[in-house]
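*Asks:* Following is a predicted model, sequence given first.
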Amino acid sequence: MSNFKGASCQSRKKKELLLFLGVAILLAVCWVTGTFRSRAVLTPFLREAFPPSGFFEPREENVFVAWRDKTRKELLGYAAVGEAHGYGGRIKVLTAMDPRGIIKGVIVIEHRETASFFMRVKNRGLIDSLVGKSPEAPLIAGVDIDTVSGATMTSKALVESVRRASRAIAIRYLGFKLPSDPKPTINIGGAEVTLLLLLLVGLIGRSKIVSPQPWRKILRWGSMLTGMIVLGFVYNRPLTLAHINKVILGYWPAWWSNPYFYLLILGVLGLFLLTDKNPYCEWFCPFGAVQETLKVVGGGFKRLPASLHRLLRWAQRLAVLVIVCLALYYRNPSTASYEVFGALFHLVGSNFHFVLLGVVLVASLFLHRPWCNYLCPVRPATEFIRLGRRSIGSWVKLKFGKFK
């Protein structure tokens with residue numbers, strides 16, 4: 001009997017290893033093929049920025065001079081491409097300036113932001129507010145350019161892209177004497193402090209330090225409500241699949257300007273990789289707290305039949321795998337995003353997001369965490385990390401034996 005159990009366990013471990021390797025290879029193939037996709041051609045964007053122009057002369061990488069025609073008798077202006085990191089990844093913006101140094105056009109070449117958030121920024125007129133500015137202006141989001149509520153990171157990235165491009169033209173080609181950029185400072189605020197404290201509370205709660213059940217329950221509910229209110233409704237900064245995709249794609253923002261990103265990734269996924277304990281999902285996930293609050297209101301303690309539960313869980317994993325592959329292929333962390341956090345916490349999203357949010361909120365009255373169990377894309381990601389830890393550990397033991 002023991003031999004049968006041993007053989008069965010060994011077979012399961014081999015299947016887990018093959019599954020892990022298969023998924024890892026598929027993700028690697030999508031990542032590599034994505035790098036070979038053709039990049040956007042700049043000519044159509046240059047013509048959009050300078051409608052009367054007929055000839056563009058490249059001066060250096062991503063910097064162009066616009067002339068009326070090939071005779072170069074009438075200078076129309078200059079254009080340069082600037083880049084900065086937004087919420088979903090890199091934002092590339094073409095900035096056009098006239099010979100006096102006034103910005104006459106701002107065109108987004110590519111971005112990786114969630115579509116609803118990007119449209120919010122565009123519709124609020126942020127891009128239009130940059131036209132007419134001089135490089136002598138600060139051109140800093142929150143200083144002389146208003147950010148868009150609920151899409152602060154996207155706003156800052158757009159403004160920073162234009163600032164970098166306009167300064168490059170002004171200094172190198174127009175002779176402007178501009179002050180040096182200020183030294184970067186670490187941007188730590190309420191979101192970072194709250195996240196760090198909640199991570200500590202989650203780790204303590206997952207340990208055996210707080211053992212009596214009433215105190216552990218009180219600590220957990222306090223942590224969940226804090227996460228829901230502060231990280232959810234105040235800052236709208238939960239952990240999303242876009243964060244994970246950014247890590248895989250290498251779209252890492254500067255740590256001093258976005259320490260929250262690194263606290264979130266290292267504090268949640270890093271600790272999970274090292275300890276196999278998740279301090280986020282069960283202890284202070286904002287949307288998880290919303291579902292559990294509704295569960296208390298509606299008495300949602302029902303569970304789906306085991307067969308349907310397994311079917312939905314595997315559908316969840318397959319959907320997330322497809323979405324991650326698309327994100328790697330199209331080099332866009334937010335590709336095919338269906339997460340409803342923006343619709344709930346900042347009322348930003350498509351009709352699909354709001355309908356899905358309504359379904360999940362109603363289901364939360366009857367079922368235990370329906371989003372977390374059957375829709376959340378972060379859960380399959382943590383399961384894949386756990387599968388990798390187990391598979392690699394099993395392979396090491398199988399190959400080299402147990403260390404005494």
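*Replies:* Okay, I see it.
*Asks:* what's near enough to touch residue 384?
*Replies:* Counting by CB atoms under 8 Å, 6 or more residues apart in numbering, residue 384 touches 20, 23. C-beta coordinates here come from the backbone N, C-alpha and C atoms, glycine included.
*Asks:* if you set the cut-off to 7 Å instead, what comes out?
*Replies:* residue 23 (CB atoms under 7 Å, 6 or more residues apart in numbering).
*Asks:* List the buried residues of stretch 270-285.
*Replies:* In terms of neighbour count (16 or more other CB atoms under 10 Å), stretch 270-285 has its buried residues at 271-272, 278-285.
*Asks:* That stretch: end-to-end distance?
*Replies:* Stretch 270-285 has its terminal residues 16 Å apart, counting by CA to CA, to the nearest Å.
*Asks:* Residues touching it, excluding its own?
*Replies:* So stretch 270-285 is contacted by 198-199, 201-203, 205-206, 220, 223-224, 226-227, 238-239, 268, 288, 372, 382, 385-386, 389 (CB under 7 Å, 6+ apart).
*Asks:* which of these are buried?
*Replies:* 198-199, 201-203, 205-206, 220, 223-224, 226-227, 238-239, 268, 288, 372, 382, 385.
*Asks:* Find the nearest non-adjacent residue to residue 176, please.
*Replies:* Excluding its sequence neighbours, the residue lying closest to residue 176 (CB to CB, 6 or more residues apart in numbering) is residue 170, at 3.8 Å.
*Asks:* Need phi/psi at the one you found.
*Replies:* phi -60, psi -40 (degrees, to the nearest 10).
*Asks:* Now for it: which residues touch it?
*Replies:* Contact analysis of residue 170 by CB under 7 Å, 6+ apart lists 101, 135, 176, 178.
*Asks:* The buried residues of stretch 270-285 in helices, which ones?
*Replies:* The helices, defined by DSSP state H, take in 271-272 from the buried residues of stretch 270-285.
*Asks:* Among the buried residues of stretch 270-285, which one lies nearest to residue 131?
*Replies:* Among the buried residues of stretch 270-285, residue 285 lies closest to residue 131 (CB to CB), at 40.7 Å.
*Asks:* Check the gap between the closest one and residue 159 for me.
*Replies:* Remark: distance between residue 285 and residue 159 (CB to CB, to the nearest Å) = 31 Å.
*Asks:* Pull up the distance across stretch 295-315, start to finish.
*Replies:* Start and end residues of stretch 295-315 are separated by 24 Å (CA to CA).
*Asks:* Quick one: mean pLDDT over it.
*Replies:* For stretch 295-315, mean pLDDT is 88.
*Asks:* Off-centre distance for that stretch?
*Replies:* 28 Å (CA atoms, centre = their mean, to the nearest Å).
*Asks:* hmm, who's touching that stretch?
*Replies:* By CB under 7 Å, 6+ apart, stretch 295-315 touches 294, 364-368, 374.
*Asks:* cool, and stretch 286-294?
*Replies:* 224-225, 227-228, 231-232, 238, 281, 300, 341, 344-345, 361, 364-365, 369, 371-372.
*Asks:* Okay, buried residues for it please.
*Replies:* In stretch 286-294, counting by 16+ other CB under 10 Å, buried: 286-292, 294.
*Asks:* among the residues you listed, which two are most distant?
*Replies:* 286 and 294 (13.2 Å).
*Asks:* phi, psi of the nearest residue to residue 75 once chain neighbours are set aside?
*Replies:* Spatial nearest neighbour of residue 75, chain neighbours left out: residue 99 (5.5 Å); criterion: CB to CB, 6+ apart. The phi/psi pair for residue 99 (degrees, to the nearest 10) reads phi -60, psi -20.
*Asks:* Was I right to think residue 99 contacts residue 77?
*Replies:* Yes - counting by CB atoms under 7 Å, residue 99 does reach residue 77; the two are 5.9 Å apart.
*Asks:* More neighbours: which of those two?
*Replies:* residue 77 (24 against 13; other CB atoms under 10 Å).
*Asks:* Pretty sure that one sits against residue 95.
*Replies:* No - with contact defined as CB under 7 Å, residue 77 does not count as touching residue 95 (10.3 Å).
*Asks:* How is this structure divided into domains?
*Replies:* 45-172, 190-400 (automatic domain parsing).
*Asks:* next one: the shortest one to chain centre, how far?
*Replies:* Averaging C-alpha positions (CA atoms, centre = their mean) puts domain 45-172 23 Å from its chain's average.
*Asks:* among the domains of the chain, which is nearest residue 26?
*Replies:* The closest of these to residue 26 is domain 190-400. By CB to CB, the value is 6.6 Å.
*Asks:* Quick one: mean pLDDT over the host helix or strand of residue 359.
*Replies:* Using DSSP states H and E, residue 359 sits in helix 351-364. Average pLDDT, helix 351-364: 94.
*Asks:* residue ranges for the helices of the stretch 301-404 of the chain, please.
*Replies:* 306-330, 341-345, 351-364, 370-374, 378-400 (DSSP state H, counting those that start in this stretch).
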